[in-house]
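Colleague: Quick one, what's the 3D model for this:
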Amino acid sequence: MKLTDEQLDMVGIAGRVTSVLSILGSFVIIGAFCLSRYFRSPIHRIIFFNAFYNLIDSAGTMISVSGPAAGDTSSLCQFQGFALQMFPLADVLWTLAMSLDTYLVVFHHFDAHSLQKLEIKYLGVISALTGIPAIVFLFIRTPARGPIYGGETIWCSISPRWMLVRIVLYYVPVWIVISIVVIIYFLIGIEISRLRDEFKLTEDDHIALTSQSTSIRPFDNNDSSVTTIVESDMNHKPALVPEAHIISQSSLERTSTLRQPARHFTPADHSPPTQRRMSFKQYILMPSLFFLALLATWVTPTINRVSLFISPNNHSYPLLLAVSALGSLRGFWNGIIFITMGMKGWKRRAIERKNFKKQVDEKGYSINH
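Modeller: Numbers count the residues shown, from 1 in each chain. Have a look, this model is predicted:
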């Protein structure tokens, strides 16, 4: 069953509206990264790089049904096919890069500087893996099947006449990468749970991270609390922390206090509130958002592709409408995640500064900020 002209118009409107949302999301990412220091963590940097890929992706989805209408051999259709082959795959690979950053922090103690040195490698590998096939496909065509890029109702991508190529070189890699991302976060979750059990932390407790260059002195002997302080060697990589996007570039300390009463500080013990903390609930947020965004983006197109592979002439209007709308939202989802992570970090640090100032005022200390 083919779609009517009215149905095609609705598919085109849905795709263009969500493409606009994605474009706005990408500009929000770029603007926030450039204007605010609260959006400069390693994970934010990766989303920032990906925003430029998302912009070209959104340009492709914005063309929508105009691509197939222009004809398979038209420049518009070929550009759209190239854009929708390269940049959606790049988006998934950038998500993999984010999970790798978190893995390297948790299991190999990478700091922010070490993670930033990987960014040029991420750029090169992701651009090569997605760009080379997408460019090569522009030059492949046969008399029997025509060009690889061609119209498929809602936009131009790998033509239905090259269906097997589309599945093997597009959907299979996407779901392999998504599976790897899920496995990585699962392993990280196990390690985080082990840390929580090791230090007897509740869900509301935090693993602390500090950028102080001086060590913290022990508390007074009158303090009956049970405290564990693990300090890193300044000449080595920092101590273990559970999330890449809050890491600092100098010494790290992991502190866990169990059922402790009020602490007794001396002025020398206090220092500015440079510690950054992350609760286990906050840790769950980041991978959950990425996972939900991936599912929202890729489940519907995959179902549609499998359906068309089984029944090539059976076009479901509701399914194609969903594919057009959800498949154009990659930049929008990334913008939501980017802002959510940044605002949580900003609020957390604001609360820490407020609490620190309150403690200082109560003790009557004089501290230069």
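Colleague: mind listing the strands for the stretch 51-200 of the chain?
Modeller: 141-142, 146-147, 149-151, 156-158 (DSSP state E, counting those that start in this stretch).
Colleague: Same list (those strands) but as a markdown table, adding mean neighbour count and mean pLDDT.
Modeller: Glycine gets a C-beta too; all of them are placed from N, C-alpha and C. Output for the strands of the stretch 51-200 of the chain, formatted as a markdown table (neighbours: other C-beta atoms under 10 Å; pLDDT from 0 to 100):
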| stretch | mean neighbour count | mean pLDDT |
| --- | --- | --- |
| strand 141-142 | 14 | 93 |
| strand 146-147 | 18 | 94 |
| strand 149-151 | 24 | 94 |
| strand 156-158 | 28 | 94 |
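Colleague: Could you point out which of these sits nearest residue 313?
Modeller: Closest approach to residue 313 among the strands of the stretch 51-200 of the chain (C-beta to C-beta): strand 149-151, 14.9 Å.
Colleague: which neighbours does the closest one have in its sheet, and in what orientation?
Modeller: strand 156-158 (antiparallel) (DSSP bridges).
Colleague: Residue 83: what's it in contact with?
Modeller: For residue 83, the contacting residues are 56-57, 59-60, by C-beta atoms under 8 Å, 6 or more residues apart in numbering.
Colleague: again, only using 6 Å
Modeller: Listed by C-beta atoms under 6 Å, 6 or more residues apart in numbering, the contact partners of residue 83 are 56, 60.
Colleague: rewinding a little: who wins for proximity to residue 100 among the strands of the stretch 51-200 of the chain?
Modeller: The nearest among the strands of the stretch 51-200 of the chain, by C-beta to C-beta, is strand 156-158 at 27.7 Å.
Colleague: Residues touching the closest one, excluding its own?
Modeller: Contacts with strand 156-158, where a contact means C-beta under 6 Å, 6+ apart, come from 67-68, 77, 80-81, 84, 148-149, 165-166.
Colleague: Next, check those against the helices and list the overlap.
Modeller: In helices, judged by DSSP state H, the following of the contacts of strand 156-158 are found: 67-68, 77, 80-81, 84, 165-166.
Colleague: Quick check: residue 58 touching residue 20?
Modeller: No: here residue 58 does not reach residue 20: they are 8.1 Å apart, not a contact under C-beta atoms under 6 Å.
Colleague: The two - which one has more neighbours?
Modeller: Under the criterion of other C-beta atoms under 10 Å, the comparison of residue 58 against residue 20 puts residue 58 first, with 26 against 16.
Colleague: how many other residues sit next to residue 115?
Modeller: By other C-beta under 10 Å, the residues close to residue 115 number 25.
Colleague: Spatially, and excluding backbone neighbours, which residue is closest to it.
Modeller: Distance criterion C-beta to C-beta, 6 or more residues apart in numbering; nearest residue to residue 115, sequence neighbours excluded, is residue 42 at 4.2 Å.
Colleague: And residue 32, how far from residue 43?
Modeller: Separation of residue 32 from residue 43 (C-beta to C-beta, to the nearest Å) stands at 13 Å.
Colleague: picking that back up, turn the strands of the stretch 51-200 of the chain into a markdown table, columns for distance to residue 128.
Modeller: Listed next are those as a markdown table, based on distance: least, C-beta to C-beta, whole Å:
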| stretch | distance to residue 128 |
| --- | --- |
| strand 141-142 | 23 |
| strand 146-147 | 23 |
| strand 149-151 | 20 |
| strand 156-158 | 19 |
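Colleague: for those strands, which one sits closest to residue 105?
Modeller: Ranking the strands of the stretch 51-200 of the chain by proximity to residue 105 (C-beta to C-beta) places strand 156-158 first, at 36.2 Å.
Colleague: and the most centrally placed residue in the chain, what does it touch?
Modeller: In the chain, the centroid-proximal residue (C-alpha atoms, centre = their mean) is residue 95; its distance is 4.9 Å. Shown in contact with residue 95 (C-beta under 6 Å, 6+ apart): 181, 290.
Colleague: Output the below-cut-off pLDDT ranges for the stretch 1-150 of the chain.
Modeller: The stretch 1-150 of the chain contains residues with pLDDT under 70 at 1.
Colleague: Mind doing that once more with 80?
Modeller: 1-2, 38 (pLDDT under 80).
Colleague: ranges for the helices of it?
Modeller: Along the stretch 1-150 of the chain, counting by DSSP state H, counting those that start in this stretch, helices occupy 5-35, 42-63, 66-70, 75-108, 112-137.
Colleague: picking that back up, can you pick out the residue with more neighbours from residue 32 and residue 43?
Modeller: Neighbour count, other C-beta under 10 Å: between residue 32 and residue 43, residue 43 has more, with 26 against 20.
Colleague: Mind checking the strands of the stretch 51-200 of the chain for the one nearest to residue 133?
Modeller: So among these, strand 156-158 is nearest, using C-beta to C-beta, at 10.3 Å.
Colleague: how far does the closest one sit from the chain's center?
Modeller: Strand 156-158 sits 26 Å away from the centroid of its parent chain (C-alpha atoms, centre = their mean, to the nearest Å).
Colleague: Same question for stretch 318-337.
Modeller: Counting by C-alpha atoms, centre = their mean, stretch 318-337 is centred 16 Å from the centre of its parent chain.
Colleague: Please apply the same query to stretch 335-342.
Modeller: Centroid separation for stretch 335-342 versus its chain: 9 Å, with C-alpha atoms, centre = their mean.
Colleague: just stretch 26-36 next, same as before
Modeller: The answer for stretch 26-36 is 15 Å, by C-alpha atoms, centre = their mean.
Colleague: before we move on, what about stretch 74-90?
Modeller: For stretch 74-90, the distance to the chain centre is 22 Å (C-alpha atoms, centre = their mean).
Colleague: can you start the count at 121 instead of 1 from here on
Modeller: From this message on, residue numbering opens at 121, which makes the last subject stretch 194-210.
Colleague: export that stretch as CSV, just CAs?
Modeller: C-alpha atoms of stretch 194-210 as CSV (Å, rounded to 0.1, in the frame of the first residue of the first chain):
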residue,chain,number,x,y,z
SER,A,194,19.3,14.4,-8.2
SER,A,195,21.9,16.2,-6.2
LEU,A,196,19.3,16.8,-3.4
CYS,A,197,18.6,13.1,-3.1
GLN,A,198,22.2,12.1,-3.2
PHE,A,199,23.2,14.7,-0.5
GLN,A,200,20.3,13.6,1.7
GLY,A,201,21.3,9.9,1.3
PHE,A,202,25.0,10.8,2.1
ALA,A,203,24.0,12.8,5.2
LEU,A,204,21.6,10.1,6.5
GLN,A,205,24.2,7.4,6.0
MET,A,206,27.1,9.1,7.8
PHE,A,207,25.8,11.3,10.6
PRO,A,208,23.2,9.1,12.4
LEU,A,209,25.9,6.4,12.6
ALA,A,210,28.4,9.0,13.9
